[in-house]
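**Student:** Just to be clear, the model below is a prediction. Sequence and coordinates:
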Amino acid sequence: MILTLAASVTQLGVSMQASVAEVGNTSASSDLAVTVVGAKSMCFDDTLQVTGVLVPRNEILVRPEREGLQITQVLVQPGESITSGKILARLTTGEGQEGSSGVVVRAPASGVVISASAVVGSVASAQAEPLFRIAGQGEMELLAEIPVRTLARLAVDQSAKVEIIGVGELSGKVRLFSGTINPTTQLGQVRIFVGSDPRLRSGAFGRATIQIGRRCAPAIPLSAILYGPGGAVVQVVRGDRVETRRVLIGLLAQDQAEVREGLAEGETVVARAGAFLRDGDRVRAVTAGEPVRQ
């Protein structure tokens, strides 16, 4: 009887130890599984976008040398390429006027005629609208206005991608930007040289992306960032604990965010940060792409 009771007590003790162990294992396995990603170095392009219209890089205005001459012939049309010295129009003196009976108007330089106001039968005047406007060498550039706060970021020869409606994307570069600001609009002008292309038309709308610089820094997915009253935070996983940390976010590209302060390359963060995790919570980290173990 005594032996039977002792055996029963021993068996009960073993069962209790096993139950405690099972409870411990259950607690360990019940940690919340979260998907994590590591901060990896990535290079970001710092760009500035502007919009504007195409204008000639060098606009040449052609006017008659003498007053009171009548236009008898117009020999070029807008959009036509011309060479230096080409005859653009013929003029003649009116009836009863003294002087040469015929005068020609020649192109002072090669380029593309962008507009012509000369009309046969009208009287040409140096005080009126130019007879012809020519884009020297056919070269065009995008004229845009930008806020004063962004002018300081510009520099001559910065590369740009210029998208022109009806033409597509072309390469360009910053040629010039104004040193003065419109006091009413607080905008300054920038000229982005595009070049000569027969498809380009003065006045066409365009959009340019200017390459300001390039930075390389730790990067994390946008989904890993939470925004609160104090700014951006991420949930870093150190060991098996969650640590909420404030970070400074910089440039964005391809669903990735540059972390300028607060996170080092190689540190692990919760891939989809959410309010259900709190600072100090115990979690089981699962690397993105790795199957979750039940």
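**Tutor:** That came through, no problem. Numbers count the residues shown, from 1 in each chain.

**Student:** What are the buried residues along stretch 78-91?
**Tutor:** Using 16 or more other Cβ atoms under 10 Å as the test for burial, stretch 78-91 gives 82, 86, 88-91. (C-beta placed from N, C-alpha, C; glycine too.)

**Student:** give me the beta-bridge partners of the closest residue to Thr51 other than its chain neighbours?
**Tutor:** For Thr51, ignoring the flanking residues on the chain, the nearest one in space by Cβ to Cβ, 6 or more residues apart in numbering is Arg207 at 5.0 Å. Beta bridges link Arg207 to Thr51, Glu163, judged by DSSP bridges.

**Student:** now do Asp46
**Tutor:** Per DSSP bridges, the residues bridged to Asp46 are Gly213.

**Student:** give the contact list for it.
**Tutor:** Contacts for Asp46 were tallied using Cβ atoms under 8 Å, 6 or more residues apart in numbering; they are 211-215, 251.

**Student:** What of Val233?
**Tutor:** Per Cβ under 8 Å, 6+ apart, neighbours of Val233: 225-227, 244-247, 273.

**Student:** got the CA coordinates for stretch 78-87 in CSV?
**Tutor:** The C-alpha trace of stretch 78-87 is given here as CSV (Å, rounded to 0.1, in the frame of the first residue of the first chain):
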residue,chain,number,x,y,z
PRO,A,78,7.1,78.9,-90.6
GLY,A,79,8.8,75.6,-89.8
GLU,A,80,11.2,75.9,-92.8
SER,A,81,14.9,75.5,-92.3
ILE,A,82,17.0,78.2,-93.8
THR,A,83,20.7,79.0,-94.4
SER,A,84,22.4,82.3,-93.7
GLY,A,85,21.9,84.8,-96.6
LYS,A,86,18.7,83.1,-97.9
ILE,A,87,16.2,85.6,-99.4
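
**Student:** buried subset of the contacts of Asp46?
**Tutor:** Buried members of those, scored by 16+ other Cβ under 10 Å, are 212, 251.
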